[in-house]
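the sequence isn't on hand, but the structure is:
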Ligand SMILES: NS(=O)(=O)c1ccc2o/c(=N\O)[nH]c2c1
Ligand SMILES: [Zn+2]
């Protein structure tokens, strides 16, 4: 299956997923001077219930913290979107060294890590259905830079010992993802896609301008137990062509 190695990485994905060359692919390189300030863009409204946290998994592509999403208890509203989007999961992408790892770049610069908070539009019956719609998903992207440990993110990283290998999962409860957000919620927004196969063009991207700090981790494996050591690093897709899409900002 697809991955991030030389034989199954991002440059090969178009073979199995032709949309990889589509008109609204993600991530992109963000050029702040090309962003258009839009005064109609509202502030983000994130309302999360920590009791919705429901386990942490090594998916073989990233770690993923899953949330119960059968009620409107953890939602994203306002911002560039209309309606109510439910939080389903968050995960990260990171590099094998501190000079790379994020999916979005800013003026061509990569961050060592990027956090994605994945939400789906409740006008559709499920995440799976929403993921097939042009307005189905909204992902909040947060850049992470090396610095002081974030005590809340540390709660996530402290689980990695028990989900080292692909397919491993363990309980993870009572966690508020809002604690992973920076003080400022100023954002860029554009229409894009999932950054992993199936690369569906269903994501309203909301990328925060301000980064949070973290102590870097690199102790997960792509491989299942007993399948050999394949360190989970460099699990990022490089920037894709903008193809004329507008990039908007809710700040000047
Ligand atoms: N990396 S990303 O664009 O945030 C993202 C979010 C949710 C996803 O679900 C996926 N397959 O079911 N891929 C995927 C990528
Ligand atoms: Zn992601």
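Noted; the coordinates are in hand. Predicted, not measured: the structure shown is a model, and the values here were computed from it. Numbers count the residues shown, from 1 in each chain. Ligands and ions are numbered 1, 2, ... in the order given.

rest of the way, CA atoms for contacts and neighbours
Fine.

around ligand 1, pick out the residues from this structure.
Applying CA under 6 Å from any ligand atom, we find that the chain lies next to ligand 1 at 116, 118, 139, 194-197.

just the pLDDT for the residue nearest to residue 99 when sequence neighbours are not counted.
Residue nearest to residue 99 in three dimensions, not counting chain neighbours: residue 112, with 5.9 Å by CA to CA, 6 or more residues apart in numbering. Note for residue 112: predicted pLDDT of 98.

how far away is residue 112 from ligand 1?
Remark: distance between residue 112 and ligand 1 (CA to the nearest ligand atom, to the nearest Å) = 15 Å.

in this protein, which residue sits nearest ligand 1?
residue 194 (3.4 Å; CA to the nearest ligand atom).

got the phi and psi for that residue?
With angles defined as degrees, to the nearest 10, residue 194 sits at phi -60, psi 150.

what's the burial count for the residue nearest to it when sequence neighbours are not counted?
Spatial nearest neighbour of residue 194, chain neighbours left out: residue 200 (5.4 Å); criterion: CA to CA, 6+ apart. Residues lying near residue 200 (other CA atoms under 10 Å) number 24.

I'd say residue 200 and residue 18 touch.
No: in this structure residue 200 lies outside contact range of residue 18 using CA atoms under 8 Å: 10.3 Å.

can you map out the strands along the stretch 101-250 of the chain?
105-106, 113-121, 137-146, 169-170, 187-192, 203-208, 212-214, 248-249 (DSSP state E, counting those that start in this stretch).

returning to that earlier point: next up, the contacts around the residue nearest to residue 194.
Under the criterion of CA atoms under 8 Å, 6 or more residues apart in numbering, the neighbours of residue 200 are 19, 131-132, 193-194.

which pair in those residues spans the largest distance?
Maximum pairwise distance among the contacts of residue 200 (CA to CA): 13.7 Å, between 19 and 131.

of all the residues of the chain next to ligand 1, which comes closest to residue 71?
For these, the nearest to residue 71 is residue 118 (15.4 Å; CA to CA).
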